[in-house]
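1. Sequence and predicted structure are below.
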Amino acid sequence: MKLRQRLHFSATSLADIDGRATPGAPGDKAKTSAAAVEQAGQLAQLQERLYAEGTQPGASRRVLLILQGMDTSGKGGTIEHVIGAINPQGAQIASFKKPTEEERRHHFLWRIRGQIPAPGRIGVFDRSHYEDVLIARVRALAAPEEIERRYAAINRFEDKLVGDGVAVIKVMLHISHQEQRERLLARLDDPTKHWKFNAGDLEERGLWSRYQEAYELALTRCDDVPWYLVPADRKWYRNWAVGRLLAETLQEMDPQYPDPDLDVPELRRRLEQ
């Protein structure tokens with residue numbers, strides 16, 4: 001069974017998902033970490049083929065990996081370990097923070113559309129348009145009726161991406177309440193990680209149950225393009241699982257090297273003169 005089938009979100013409550021679970025893993029930490037290293041080489045080859053395919057006129061296929069999750073769930077770490085395995089020329093990474101004044105003057109998807117990867121590229125969203133139905137819902141940054149409209153707008157937007165040749169992989173990194181506490185404490189214990197600590201994270205942590213509810217709604221209301229829920233308490237599993245989801249998607253796409261019209265014998269003759 002492909003990992004995409006195992007991780008396809010179908011539960012109704014995130015409380016039913018164990019953050020330390022390792023569905024589909026090839027073994028324990030050592031075996032799974034070794035598999036991730038082997039998988040990295042496979043990803044690099046597949047990404048090169050996709051990049052090469054994208055250089056051709058009329059090419060449209062690309063990949064968009066969307067990473068969502070509570071603070072400390074490991075979005076940055078996932079990018080480092082998974083996307084770090086491929087040629088950076090073939091990657092586009094966008095991180096969506098609090099909207100600027102200019103962005104607020106536009107439709108909530110305006111800033112997102114500008115970051116869609118070009119043909120042949122693998123794009124990564126570190127947070128995404130889902131912030132506009134997550135924190136916006138929890139913090140009442142938009143009226144309830146506007147939030148409802150956004151669910152439908154997101155479905156239309158993602159359907160159009162797929163129609164335009166974008167393979168969309170939506171991943172929620174599911175971390176437990178206890179694991180988040182441990183990771184925040186680890187940041188306080190390590191002076192080199194103090195720069196990562198934001199006191200505002202504690203306030204957001206106090207709204208945990210409301211965020212879980214907002215995530216459950218987003219996962220179920222915006223499922224035209226399927227969500228994959230990756231248990232993220234174990235970093236080694238998280239990195240392998242997201243890499244596996246990406247590899248399965250690229251394998252199914254089966255990108256091909258272009259076949260340029262080259263007179264190889266003539267070119268070789270000229271080089272050997």
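-> Great, that's in hand. Residues are numbered from 1 along each chain as shown.
2. Packing partners of the helix ranked longest in the chain?
-> The longest helix of the chain (DSSP state H) is helix 29-54. Using 3 or more Cβ pairs under 8 Å, 6 or more residues apart in numbering; DSSP states H and E, the elements in contact with helix 29-54 are strand 62-69, helix 75-82, helix 235-253. The way it works is simple: take the backbone N, C-alpha and C, and place the C-beta from them, glycine included.
3. So in the chain, where's the weakest helix or strand by average pLDDT?
-> Of all helical and strand segments in the chain, the minimum by mean pLDDT, DSSP states H and E falls on helix 200-205, at a mean of 88.
4. Who are the packing partners of that one?
-> By 3+ Cβ pairs under 8 Å, 6+ apart, helix 200-205 packs against helix 177-189.
5. what sits against Ala247?
-> Taking Cβ atoms under 8 Å, 6 or more residues apart in numbering, we find Ala247 in contact with Gln39, Gln42, Leu43, Leu46.
6. now do Tyr237
-> Taking Cβ under 8 Å, 6+ apart, we find Tyr237 in contact with Thr22, Ala25, Thr32, Val230, Pro231.
7. if you set the cut-off to 10 Å instead, what comes out?
-> Counting by Cβ atoms under 10 Å, 6 or more residues apart in numbering, Tyr237 touches 20-25, 28-29, 32-33, 36, 230-231.
8. how about those residues in JSON lines, adding neighbour count?
-> Formatted as JSON lines, the contacts of Tyr237 follow (neighbours: other Cβ atoms under 10 Å):
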{"residue": "Arg20", "neighbour count": "13"}
{"residue": "Ala21", "neighbour count": "15"}
{"residue": "Thr22", "neighbour count": "19"}
{"residue": "Pro23", "neighbour count": "15"}
{"residue": "Gly24", "neighbour count": "17"}
{"residue": "Ala25", "neighbour count": "20"}
{"residue": "Asp28", "neighbour count": "11"}
{"residue": "Lys29", "neighbour count": "14"}
{"residue": "Thr32", "neighbour count": "21"}
{"residue": "Ser33", "neighbour count": "16"}
{"residue": "Ala36", "neighbour count": "22"}
{"residue": "Val230", "neighbour count": "29"}
{"residue": "Pro231", "neighbour count": "22"}
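9. Including pLDDT and distance to Arg127, could those residues go into CSV?
-> Converted to CSV, the contacts of Tyr237 look like this (pLDDT from 0 to 100; distance: Cβ to Cβ, whole Å):
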residue, pLDDT, distance to Arg127
Arg20, 98, 24
Ala21, 97, 24
Thr22, 98, 25
Pro23, 97, 24
Gly24, 97, 25
Ala25, 98, 26
Asp28, 98, 31
Lys29, 98, 28
Thr32, 98, 26
Ser33, 97, 26
Ala36, 97, 24
Val230, 98, 15
Pro231, 98, 19
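10. Out of these, which comes closest to Thr55?
-> Closest to Thr55 out of these is Ala36 (28.9 Å), distances taken as Cβ to Cβ.
11. any idea what sits nearest the closest one, other than its immediate chain neighbours?
-> Excluding the flanking residues, the one nearest Ala36 by Cβ to Cβ, 6 or more residues apart in numbering is Trp240, at 4.3 Å.
12. burial measure for that neighbour, as a count.
-> Trp240 is flanked by 29 other residues according to other Cβ atoms under 10 Å.
13. so it makes contact with Arg234?
-> Yes. Taking Cβ atoms under 10 Å as the definition, Trp240 is a contact partner of Arg234 at 9.5 Å.
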